[in-house]
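Undergrad: here is a sequence together with a model predicted from it:
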Amino acid sequence: MMVFLAHVLGGLGENIYPHDAAYLAVTEAPWNFGRWGVWLFFVISGYVILPSVMRYSAREFALRRFFRLYPLFLAFSLLFIAVNAATGTMPELNTLESIVPALLLVNLLTHTEQLTPNAWSLSYEVLFYAMACLTVHTALRRGDRVLTVLLALTAAGLVYRFPAMAFFLTGMGARLLDERGLRPPPAWRPALEALAFAGCLYFGSIQHYDFMLKNMGDPRNYAMLFFTSAYFYMAIAPGSVTGRLLDRPSAFYLGTVSYSLYLAHPYTYLTTRLLFVRLGLFSAHWALSLALFLSVVIPVTLVFTEIVYRLLERYPYQWYFHERIFHRRNRERLESP
């Protein structure tokens, strides 16, 4: 939801109010901070995937990841390819050199673009899944020390080349610490959680981070990694402030449909924005226009999200495995496969 709102604010700033200094000044910080949600999600992913890798065989783990992610991703990718071919908006992406690596989710390694908006992060996810699965199964099930060391070195090389993958590692570290109950004293936790979130809020708001190797000379990248990881670890503690604030049906629902929301919202945002432009609903009074736009695009997006969640995310998984992905009100949802 943070990323969705960030894209709304940033998209209107880039396409509707690019010369309105007041709009840009007011929305720059929340735009930056909303995109911080991606890095938090990478930490969550590391926390979730480790027990899943250890619970299932390599084959079953791969199948569960495939049916959990790929049908929805494929549907939106094919939609993008068809619309882009019809409109010629980005002809450089209408080539096999771009389409094939994107559909195989290896574009990170081929240095080509992803297609459907937001899917760039899935390329990181899939690479992380593969390395985690190979390393854990080689180390724990095969006991091949030499191959385990080689895989660990490969993983280290990938983290160096793609620094954003460090967030996955901190999530895995949080899982290992969490399982051992290693936490600060309960009396300290609310203050530490607040301080860690304050660090996320400050560093997340002051600029946009892409965590590419060429930009890692900026120490703010490491501050962002530290505070994000620390906040997550404080937030998952029993009785945390974050946990109490989010312990409600609306938050559980958004968590349930979050993947569908992540991939679906660029399409509803763009369609709604084009409709507003055609109807002349964006005025010089940007605050009123933004409020009106949000009042339309949020419910439209949530309805569309529910549809694609049921048809493209939940149904394929349940059809193949004959089981629910996870229960919406189950506190152990983070341990879901």
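TA: Structure's in. What do you need? Note that the structure is predicted; figures quoted are calculated from it, not measured. Numbers count the residues shown, from 1 in each chain.
Undergrad: how is residue 17 assigned, secondary-structure-wise?
TA: Counting by DSSP: H, G, I helix; E, B strand; the rest coil, the backbone at residue 17 sits in coil.
Undergrad: relative to residue 206, how far out is it?
TA: Distance of residue 17 to residue 206, given as CB to CB, to the nearest Å: 21 Å. In this view, the C-beta of every residue, glycine as well, is placed from N, C-alpha and C.
Undergrad: those two - which one has more neighbours?
TA: Each of residue 17 and residue 206 has its neighbours counted (other CB atoms under 10 Å); residue 17 has more, 18 against 14.
Undergrad: look at the spatially closest residue to that one that is not a sequence neighbour and report its pLDDT.
TA: Closest residue in space to residue 17, ignoring its immediate chain neighbours: residue 23 at 4.1 Å, by CB to CB, 6 or more residues apart in numbering. Looking at residue 23, its pLDDT reads 96.
Undergrad: how about residue 211, secondary structure?
TA: Classified using three-state DSSP, residue 211 is coil.
Undergrad: thought it was touching residue 221?
TA: Yes: if you go by CB atoms under 8 Å, residue 211 and residue 221 touch, sitting 6.2 Å apart.
Undergrad: nearest spatial neighbour of residue 242, skipping sequence neighbours?
TA: residue 235 (3.8 Å).
Undergrad: neighbours of the one you found, just the number please.
TA: When neighbours are counted by other CB under 10 Å, residue 235 comes out with 21.
Undergrad: list the contacts of it.
TA: Shown in contact with residue 235 (CB atoms under 8 Å, 6 or more residues apart in numbering): 193, 197, 241, 242, 243.
Undergrad: again, only using 7 Å
TA: Residues in contact with residue 235 (CB atoms under 7 Å, 6 or more residues apart in numbering) are 193, 242, 243.
Undergrad: pick the one among the residues you listed closest to residue 7.
TA: Checking these against residue 7 with CB to CB, the nearest one is residue 242 at 23.2 Å.
Undergrad: what's the spacing between that closest one and residue 320?
TA: Distance from residue 242 to residue 320, by CB to CB: 34 Å.
Undergrad: now residue 8
TA: Residue 8 is 35 Å from residue 320, by CB to CB.
Undergrad: so which of the two has more stuff around it?
TA: Neighbour count, other CB under 10 Å: between residue 8 and residue 320, residue 8 has more, with 23 against 14.
Undergrad: okay, and the more buried one sits in which element?
TA: helix 2-15 (DSSP states H and E).
Undergrad: which elements pack onto that helix?
TA: Counting contacts by 3 or more CB pairs under 7 Å, 6 or more residues apart in numbering; DSSP states H and E, helix 2-15 packs against helix 21-55, helix 258-279, helix 286-308.
Undergrad: for residue 140, which of those is the nearest?
TA: helix 21-55 (7.0 Å).
Undergrad: how big is the angle separating the closest one from helix 286-308?
TA: Angle between the axes of helix 21-55 and helix 286-308 is 20 degrees (criterion: axes from the mean of the first three to the mean of the last three CA atoms, to 10 degrees).
Undergrad: and the helices and strands packed on helix 2-15: which comes nearest residue 83?
TA: For the helices and strands packed on helix 2-15, proximity to residue 83 was assessed by CB to CB; helix 258-279 is nearest, at 9.2 Å.
Undergrad: coming back round to it: return the member of the contacts of residue 235 nearest to residue 291.
TA: Scanning the contacts of residue 235 for proximity to residue 291, where the rule is CB to CB, the winner is residue 242, at 27.5 Å.
Undergrad: the closest one - how many residues pack around it?
TA: 16.
Undergrad: so where does it fall, helix or strand?
TA: Short version: residue 242 belongs to helix 241-246, going by DSSP H and E.
Undergrad: show me what that helix is packed against.
TA: helix 189-206.
Undergrad: sorry, back to before: what does the model give the residue nearest to residue 242 for pLDDT?
TA: 96.
Undergrad: so it versus residue 150, what's the distance?
TA: Residue 235 is 35 Å from residue 150, by CB to CB.
Undergrad: re earlier: output the contacts of residue 235 as TSV; include the columns pLDDT and distance to residue 43.
TA: Shown next, in TSV, are the contacts of residue 235 (pLDDT from 0 to 100; distance: CB to CB, whole Å):
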residue	pLDDT	distance to residue 43
193	97	15
242	96	13
243	94	16
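Undergrad: brilliant, that's me finished.
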